[in-house]
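J.: Test case, fold it:
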Amino acid sequence: MHTFPHSAFPSLCVHRFIALFAALSTLTVCVLIIAQIAGDAPELPPAFHAPLDLQTFLMSLGILCFGFGGHQVFPTIQVDMKKPEKFHWTALFSFLTILSMYFPVALAGFLAYGSNLKDNILLSLTPGPMHTTTTILISGHLMAGFVILLNPVSQEFEDCFNVPNGFSFRRILARTVLVGLVLFVALSVPQFGAVLALIGGSTMTLIIFIIPATCYLKFCSMKGDWDAIEIPLHEKALCIELIVVGTVAGIAATYSALVALTYSHFSKPLYLS
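T.: Next comes the predicted model:
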């Protein structure tokens, strides 16, 4: 994993501002969505909840892993912290904060719309000023998050082509090409749900569950000219549990996504419409 020295960022305060903007946008969007659902609820028919379907659940697991799969950015964040040794508290607080924002939205949508809830909850909301504001804010959040999440990929991409680690025309060109490739993929696959489930169930379960726990156990068991690290039994058990659960869930989610892709009818790419 490539980590960024401070010099890799022309201005860390800019990235902090971007991260703060993304977080505040998300919080505002969650509040607006819940308010819109509360306003829509009296006009909606009684919500119907279909029986739990294993394949749908596994595909949802893959999409969930994809949505929370920003682990490649964690080394970057830790390097830029004033107290990197407290990163575990930062990660815990961050995930609890995200859970406190997203869970009420998911619960409200589930109770109000039931099985009629679309993959993108914004498509289920009644159009209006609040819906427009929500769309604008979530677009801002995605653009801000895109800048942060794409940085590790950009750094690796630039390393492959020996692009100088500093502001230059070659760096602008490299990142423009990378963003262009991302845009091409987005336009080529308009219905992206099954693809997200496939990526989330395969690569993201590796990144989130399997590889970190495996590397931690491996590194701590290595011997050398350093103080030996003894892993407590409960940590070993937790790591093994993560590896096993991640492997089983990843295989199942990947298989379900592949099955869904076999009967999915994709729309034409937007540039051919």
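J.: mind checking which helix or strand the nearest residue to R175 once chain neighbours are set aside is in?
T.: Excluding its sequence neighbours, the residue lying closest to R175 (CB to CB, 6 or more residues apart in numbering) is S154, at 5.3 Å. (Glycine included, C-beta is placed from N, CA and C.) Here S154 sits within helix 129-160, counting by DSSP states H and E.
J.: Let me see the ranges of the helices in the stretch 1-150 of the chain.
T.: Along the stretch 1-150 of the chain, the segments classed as helices by DSSP state H, counting those that start in this stretch run 12-40, 54-67, 74-80, 87-113, 129-160.
J.: how about the helix holding S154: buried residues?
T.: Neighbour counts over helix 129-160 (16 or more other CB atoms under 10 Å) mark 131, 134, 137-138, 140-141, 144-145, 148, 150-152, 154-155, 157-158 as buried.
J.: after it comes which helix or strand?
T.: Tracing the chain past helix 129-160, the next element assigned as helix or strand by DSSP H and E is helix 169-188.
J.: Could you name the helices and strands sitting against the following helix or strand past that next one?
T.: Per DSSP H and E, the first helix or strand lying C-terminal to helix 169-188 is helix 193-199. Packing partners of helix 193-199 (3 or more CB pairs under 8 Å, 6 or more residues apart in numbering; DSSP states H and E): helix 54-67, helix 233-263.
J.: Name the stretch from the helices of the stretch 1-150 of the chain that approaches I251 most closely.
T.: Of all the helices of the stretch 1-150 of the chain, helix 54-67 sits nearest to I251, with 9.7 Å by CB to CB.
J.: now the closest one, how far from the centre of its chain.
T.: What separates the centre of helix 54-67 from the centre of its chain is 13 Å, taken as CA atoms, centre = their mean, to the nearest Å.
J.: Mind checking what secondary structure the residue lying farthest from the centre of the chain has?
T.: Most distant from the centre of the chain: D225, at 37.9 Å, with distances by CA atoms, centre = their mean. Recorded secondary structure, D225: coil (DSSP: H, G, I helix; E, B strand; the rest coil).
J.: Could you report the distance from it to I243?
T.: 29 Å (CB to CB, to the nearest Å).
J.: Check S94 too.
T.: Taking CB to CB, one finds S94 at 23 Å from I243.
J.: So for the two, which residue has more residues nearby?
T.: I243 (17 against 14; other CB atoms under 10 Å).
J.: low-scoring pLDDT stretches of the protein, where are they?
T.: Filtered on pLDDT under 70, the chain yields the residue ranges 1-15, 69-70, 72, 190-194, 263-271, 273.
J.: residue nearest the centroid of it?
T.: A centroid search over the chain (CA atoms, centre = their mean) returns G67, at 3.0 Å, as the residue closest to the centre.
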